[in-house]
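Engineer: I would like to see how this sequence folds:
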Amino acid sequence: MIIARSIEEIKQLKNGSCVTIGNFDGVHKGHQKLICSTCRKAKSNGLSSVIVTFDPHPLRVLVNSKTPPFITLTEQKIELLALHKPDIILALNFTMEMAKLSPEEFIKKYLIDGLGMKQMVVGYDYALGKGRAGNYEVLVEFGRKYGYGIERLDPIIINDAVVSSSRIRDMVREGNVWDVRPLLGRFYQVRGEVVHGMNRGGRLLGFPTANIKLEDELFPNKGVYAIRVEVDGMVRAGVANIGKNPTFGNDILSVEAHIFNFSDDIYGKNIRVHFIQRIRAERKFDSLDELKARITKDTELAKSILSYPESQVRPGLNLTESGTGAC
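Structural biologist: Here you go, the predicted structure:
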């Protein structure tokens, strides 16, 4: 498999390619259907399977600060795309110059001349080029002109609604992490470096926590969650708090993870936190003793939730046993 950042990195494809293209934020079940269809079609026609995506997300270039937080940043997105074992993942650098290309200019430069595209697979609502003018009907027209076939897939419906990045984003923001799992094929995760915090968890409360300097943009709603933590290639059970610690009068959002039966020094290490189920909302307690009693109860609830087989994840990419995998 080749992971490329520019069309110049890809040598001429001898037999041409089957291409799917999109932002793939979240690499959710709808995206997975597109990717698997592309890989199968490529194999059956003797073509190279190619996933084309963009870095940064086009919205980040076009509207900048007005963009919503993204579900998967580029590193994790490429990791998830790679699970399907396409021949090539092409993460194009999206610029204002690229945004000005007409649909035909983009197709000719990148997909026909660059990738020798013979087949194309797109989602039900996909459009490319300046002003999103390259909708399905336009792509079909260019297919006749440039000699490629095109297939448009229907959306994936789960729980009576279309699986989409915006739907997933809203569910995560609400803290609905358990129900977002079927849409993603995995539990939602954040990752980051363990840093020194206020040193209150172990010293005052008897529950030492890993304070995470977050790399991701999208966080579940404030509250307490049953979690699984991936550290040094191992997945461990735990409980986490997302919030501002109102009992202590803080005003800075933090993510603190307490890992059960774990005392290793992990300062400076990068970990991943998989959010399994929300236990409760954030609240202010009247005393330290009341807070400690509630944390004890939260811990017991988390252990109960994590005892169910459905709560398992595999190390590496936050996958459930029935989640994302090779096509």
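
Engineer: in the protein, which spans are strands?
Structural biologist: Under the criterion DSSP state E, strands of the chain are mapped to 2-4, 17-21, 48-55, 88-93, 117-122, 149-152, 157-158, 161-162, 188-195, 210-214, 223-231, 234-243, 254-259, 270-281.

Engineer: need these in TSV with distance to R181 and mean neighbour count, can you?
Structural biologist: The way it works is simple: take the backbone N, C-alpha and C, and place the C-beta from them, glycine included. Output for these, formatted as TSV (distance: least, CB to CB, whole Å; neighbours: other CB atoms under 10 Å):
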stretch	distance to R181	mean neighbour count
strand 2-4	27	14
strand 17-21	24	28
strand 48-55	23	23
strand 88-93	24	19
strand 117-122	26	24
strand 149-152	27	15
strand 157-158	10	13
strand 161-162	15	13
strand 188-195	8	19
strand 210-214	21	19
strand 223-231	12	24
strand 234-243	15	21
strand 254-259	19	22
strand 270-281	8	21
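
Engineer: which one of the ones you listed lies closest to V180?
Structural biologist: Proximity to V180 (CB to CB) singles out strand 188-195 among the strands of the chain, at 5.7 Å.

Engineer: tell me the strands beside that closest one, with direction?
Structural biologist: In the sheet, strand 188-195 lines up against strand 210-214 (antiparallel), strand 270-281 (antiparallel) (DSSP bridges).

Engineer: what about it, distance to the chain center?
Structural biologist: 13 Å (CA atoms, centre = their mean, to the nearest Å).

Engineer: now do it, average pLDDT.
Structural biologist: Taken as a whole, strand 188-195 has an average pLDDT of 91.

Engineer: swap in stretch 313-320?
Structural biologist: For stretch 313-320, the per-residue pLDDT averages 72.

Engineer: same check on stretch 158-171?
Structural biologist: The average pLDDT for stretch 158-171 rounds to 96.

Engineer: returning to what we had before: columns distance to E105 on top of the strands of the chain, output as a markdown table?
Structural biologist: Below are the strands of the chain laid out as a markdown table (distance: least, CB to CB, whole Å):
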| stretch | distance to E105 |
| --- | --- |
| strand 2-4 | 20 |
| strand 17-21 | 15 |
| strand 48-55 | 15 |
| strand 88-93 | 14 |
| strand 117-122 | 15 |
| strand 149-152 | 18 |
| strand 157-158 | 35 |
| strand 161-162 | 30 |
| strand 188-195 | 37 |
| strand 210-214 | 38 |
| strand 223-231 | 43 |
| strand 234-243 | 44 |
| strand 254-259 | 44 |
| strand 270-281 | 40 |
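
Engineer: and of those, who's closest to R169?
Structural biologist: Proximity to R169 (CB to CB) singles out strand 188-195 among those, at 10.1 Å.

Engineer: A99 touches P56, doesn't it?
Structural biologist: No. If you go by CB atoms under 8 Å, A99 and P56 don't touch, sitting 11.7 Å apart.

Engineer: where does pLDDT dip in the protein?
Structural biologist: Within the chain, the ranges that satisfy pLDDT under 70 run 65, 197-206, 244-253, 316-327.

Engineer: what's the spacing between G233 and P315?
Structural biologist: Distance of G233 to P315, given as CB to CB, to the nearest Å: 6 Å.

Engineer: more neighbours: which of these two?
Structural biologist: Taking other CB atoms under 10 Å, G233 and P315 do not tie; P315 has more neighbours (14 against 7).

Engineer: quick check: buried residues in the helix ranked longest in the chain?
Structural biologist: The longest helix of the chain (DSSP state H) is helix 288-306. If you call a residue buried by 16 or more other CB atoms under 10 Å, then helix 288-306 has these buried ones: L291, I295, D298, T299, L301, A302, I305, L306.

Engineer: helices of the stretch 51-200 of the chain, start to end?
Structural biologist: 58-62, 74-82, 96-99, 103-106, 136-146, 165-173, 177-184 (DSSP state H, counting those that start in this stretch).

Engineer: helices and strands around the first one, which ones?
Structural biologist: Other elements packing on helix 58-62 under the criterion 3 or more CB pairs under 8 Å, 6 or more residues apart in numbering; DSSP states H and E are helix 96-99.

Engineer: repeat that for the fifth one.
Structural biologist: Helix 136-146 sits against helix 103-106, strand 117-122, strand 149-152, with contacts defined as 3+ CB pairs under 8 Å, 6+ apart.

Engineer: before we move on, the earlier item: make TSV from the strands paired with strand 188-195 and add distance to V50 to it.
Structural biologist: Listed next are those as TSV, based on distance: least, CB to CB, whole Å:
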stretch	distance to V50
strand 210-214	32
strand 270-281	28
